[in-house]
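> Would you be able to build a 3D model of this:
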Amino acid sequence: MEDALQMRQFYNEGDLVSAEVQNFYQDGAVVLHTRSIKYGKLEGGSVVTIPQSLVKQCKQHFVSLDCGVDIILGNNGFIWITNTKSPEEQKRIEKAHAAGAVSFTPARIDPEAREKIARVHNAIVVLAQSFLAVYPDTIMDVYLNSLEMGLAAKDMLHLDVTEALIQPAVKR
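Sure, this is the predicted structure:
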């Protein structure tokens with residue numbers, strides 16, 4: 001009970017958090033773990049929700065894509081997308097966590113990183129709309145194909161390009 005009250009000091013209702021589920025109880029209560037660098041309040045990114053059946057089971061759910069974007073693939077269909085942190089930013093976060101901070105003010109995300117986040121977001125949306133499995137390889141297939149096709153991130157969602165856009169992912 002004390003931890004539940006203490007969590008209210010760090011989080012507000014509606015905050016998006018990444019947590020490890022440690023235990024379920026018969027009364028419906030859940031024990032969550034958020035006290036590490038890996039888990040906690042998610043800030044400075046985008047979330048996309050897809051049907052959970054489309055999220056392919058992976059050994060790693062925290063993934064750094066080759067395009068400079070990090071994702072968390074939730075088994076519940078929630079996917080968090082953010083930019084890969086620079087070594088300096090990572091050290092700042094680690095220092096804040098070591099000092100007991102649960103939340104931190106994320107660094108400003110530059111327009112290039114925002115474009116990459118939007119492109120990954122739209123790649124996931126296109127895969128889900130096409131009922132294709134969503135995992136790092138298929139996300140990158142669509143991401144790279146959109147670049148080869150010369151599409152802006154916003155244009156990836158146009159129905160007339162979807163079929164051509166997902167072809168590399170379909171071939172997997």
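
> quick one: contacts for residue 68?
83-84, 113, 116 (Cβ atoms under 8 Å, 6 or more residues apart in numbering). Using the backbone N, CA and C atoms, a C-beta is placed for each residue, glycine as well.

> Buried ones among those?
Those of the contacts of residue 68 that meet the buried threshold are 83, 113, 116, by 16 or more other Cβ atoms under 10 Å.

> a strand runs through the last one, doesn't it?
No: using DSSP: H, G, I helix; E, B strand; the rest coil, the secondary structure at residue 116 is helix, not a strand.

> That one and residue 26, how far apart?
44 Å (Cβ to Cβ, to the nearest Å).

> now residue 148
Using Cβ to Cβ, one obtains 53 Å as the distance from residue 148 to residue 26.

> quick one on the thing from earlier: between the contacts of residue 68, which sits nearest residue 167?
residue 116 (21.4 Å; Cβ to Cβ).

> Identify the residues contacting residue 75.
Residue 75 neighbours (Cβ under 8 Å, 6+ apart): 52, 55, 57, 61.

> Over to residue 47?
Counting by Cβ under 8 Å, 6+ apart, residue 47 has contacts 16, 78-81.

> from the residues you listed, which ones fall inside helices?
Using DSSP state H to define helices, no part of the contacts of residue 47 is located there.

> What is the nearest of those to residue 169?
Among these, and counting by Cβ to Cβ, the member closest to residue 169 is residue 79, at 15.4 Å.

> Show me the strands in this protein, by range?
17-18, 20-24, 30-33, 40-41, 45-49, 62-64, 69-73, 78-83 (DSSP state E).

> Just send those back as a markdown table, with mean pLDDT and distance to residue 91 too.
Formatted as a markdown table, the strands of the chain follow (pLDDT from 0 to 100; distance: least, Cβ to Cβ, whole Å):
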| stretch | mean pLDDT | distance to residue 91 |
| --- | --- | --- |
| strand 17-18 | 76 | 20 |
| strand 20-24 | 83 | 23 |
| strand 30-33 | 76 | 23 |
| strand 40-41 | 71 | 17 |
| strand 45-49 | 94 | 19 |
| strand 62-64 | 93 | 17 |
| strand 69-73 | 95 | 16 |
| strand 78-83 | 94 | 16 |
